[in-house]
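A.B. asks: Predicted model and sequence below, questions to follow.
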Amino acid sequence: MYCYCVFLLYLLLVLFYVYYNALLSGSEKWPWKGTIQIKLDAWLSAFEHCNGKSQSPINIDTHKVFSEPRLPPIKLEGYDLTGSHALTLINDGHTLQLSLPSSMRVMSGFDHVYVAAQLHFHWGTKEVPGSEHTIDHVHFPAEIHVVHYNSKYANLSEAASKADGLAVLGGFIGIGLHDNDNYEKILSALTDISIEESDTEIPGFNVRHLLPDSLDRFYRYNGSLTTPPCFQTVSWTLFNDSIRVSRRQLAALEDTLKTEHNKLLSKNFRAPQLLHGRKVLASFHTESTTRSMYSPY
Ligand SMILES: [Zn+2]
């Protein structure tokens, strides 16, 4: 009986060890390299902020947002980089990221000026739409995040942990009938950076055109980075109007980039988090909006 108990204990220890290492291997940093939910949960629970009560992304329930037409409009400066800067496009193994110059700024809409640092994307697969935020629980095929930091801090890393540190502009990407020429400036370079940890230079262009035509209608809430360390320091702006790319272009985003072990880089989105009493503001009267405006397809 004693031997049996010792053996059982030993077996449990071995199983735990194997399980623990399986949780960590290759996925401790970026969850979507694993495929099962438990890996993601373990990864996130390793970072204390990821269990906080102001996490992102969230679902936006259009019937529960608070209309606040006095929200100051978003005014951008320096977004037109046509003919000026070559921009570095990176496949870092967990997203597609474009480095942005500090001449790009959000001049109004917040209490401070916010300086651009980078933009990146979240996407899924042909079968699984990959936006991080959802509108009435509906995912869009992809989502763009333009990350800015408060100009009172020296740089993004200094600002990231500060309560008023970050402002992210988010846009929903849906499918349209035609190629989007502005997105093509990025997507046409993907084959050059299909391997993890590779980068390339692309000519400067008007980054404003990656966002919806109208920036007037948006949602605003306080949230977090959607990846560890999940600092709850982001003032989120999510534009009501979506962006359209063609099916071919979306497929290029979904099917080209590779992550570790040459696996496809896809489904790099975090599931919506609980609101925990947070208010979501809308810069417009939501009762006048129509369902069709949110349709991702
Ligand atoms: Zn993001």
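C.D. replies: Perfect, thanks for sending it.
A.B. asks: CA atoms for contacts and neighbours, from now on please.
C.D. replies: Noted.
A.B. asks: Now do the helices in the stretch 151-297 of the chain.
C.D. replies: Along the stretch 151-297 of the chain, counting by DSSP state H, counting those that start in this stretch, helices occupy 156-159, 181-187, 247-255.
A.B. asks: Quick one: residues in contact with the second one.
C.D. replies: The one in question is helix 181-187. Identification of contacts with helix 181-187 by C-alpha atoms under 8 Å, 6 or more residues apart in numbering yields 89, 202, 205-206, 209-210, 245, 249, 252-253.
A.B. asks: Drop anything exposed from those.
C.D. replies: By neighbour count, with 16 or more other C-alpha atoms under 10 Å, those hold 89, 202, 205, 210, 245, 249, 253 as buried.
A.B. asks: follow-up on the earlier one: out of the helices of the stretch 151-297 of the chain, which is the most enclosed?
C.D. replies: helix 247-255 (a mean of 18; mean count of other C-alpha atoms under 10 Å).
A.B. asks: Just the CA coordinates for it, please, in PDB.
C.D. replies: Extracted as PDB, the C-alpha positions of helix 247-255 are listed here (Å, rounded to 0.1, in the frame of the first residue of the first chain):
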ATOM      1  CA  ARG A 247     -10.800  39.500 -49.400                       C
ATOM      2  CA  ARG A 248      -7.500  39.000 -51.200                       C
ATOM      3  CA  GLN A 249      -5.800  41.500 -49.000                       C
ATOM      4  CA  LEU A 250      -7.200  40.100 -45.800                       C
ATOM      5  CA  ALA A 251      -6.000  36.600 -47.000                       C
ATOM      6  CA  ALA A 252      -2.500  38.100 -47.400                       C
ATOM      7  CA  LEU A 253      -2.600  39.300 -43.800                       C
ATOM      8  CA  GLU A 254      -3.900  35.900 -42.600                       C
ATOM      9  CA  ASP A 255      -1.800  33.600 -44.600                       C
END
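A.B. asks: Domain-wise, how is the protein divided?
C.D. replies: Domain assignment of the chain by automatic domain parsing yields the ranges 1-46, 50-289.
A.B. asks: right, so these: which one is the most enclosed?
C.D. replies: Comparing the domains of the chain by mean neighbour count (mean count of other C-alpha under 10 Å), domain 50-289 comes out on top with a mean of 19.
A.B. asks: ok, back up a step: which of the contacts of helix 181-187 sits closest to residue 191?
C.D. replies: residue 252 (8.9 Å; C-alpha to C-alpha).
A.B. asks: For the helices of the stretch 151-297 of the chain, could you give me TSV that also reports mean pLDDT and distance to residue 168?
C.D. replies: Formatted as TSV, the helices of the stretch 151-297 of the chain follow (pLDDT from 0 to 100; distance: least, C-alpha to C-alpha, whole Å):
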stretch	mean pLDDT	distance to residue 168
helix 156-159	97	12
helix 181-187	98	19
helix 247-255	98	21
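A.B. asks: and of those helices, who's closest to residue 140?
C.D. replies: Shortest distance between residue 140 and these, using C-alpha to C-alpha, is found for helix 247-255: 11.4 Å.
A.B. asks: unless I'm mixing things up, residue 70 is touching residue 282, no?
C.D. replies: No: using C-alpha atoms under 8 Å, residue 70 makes no contact with residue 282, being 9.6 Å away.
A.B. asks: related to what we said a few turns ago, same list (the helices of the stretch 151-297 of the chain) but as a markdown table, adding distance to residue 148.
C.D. replies: Formatted as a markdown table, the helices of the stretch 151-297 of the chain follow (distance: least, C-alpha to C-alpha, whole Å):
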| stretch | distance to residue 148 |
| --- | --- |
| helix 156-159 | 8 |
| helix 181-187 | 20 |
| helix 247-255 | 23 |
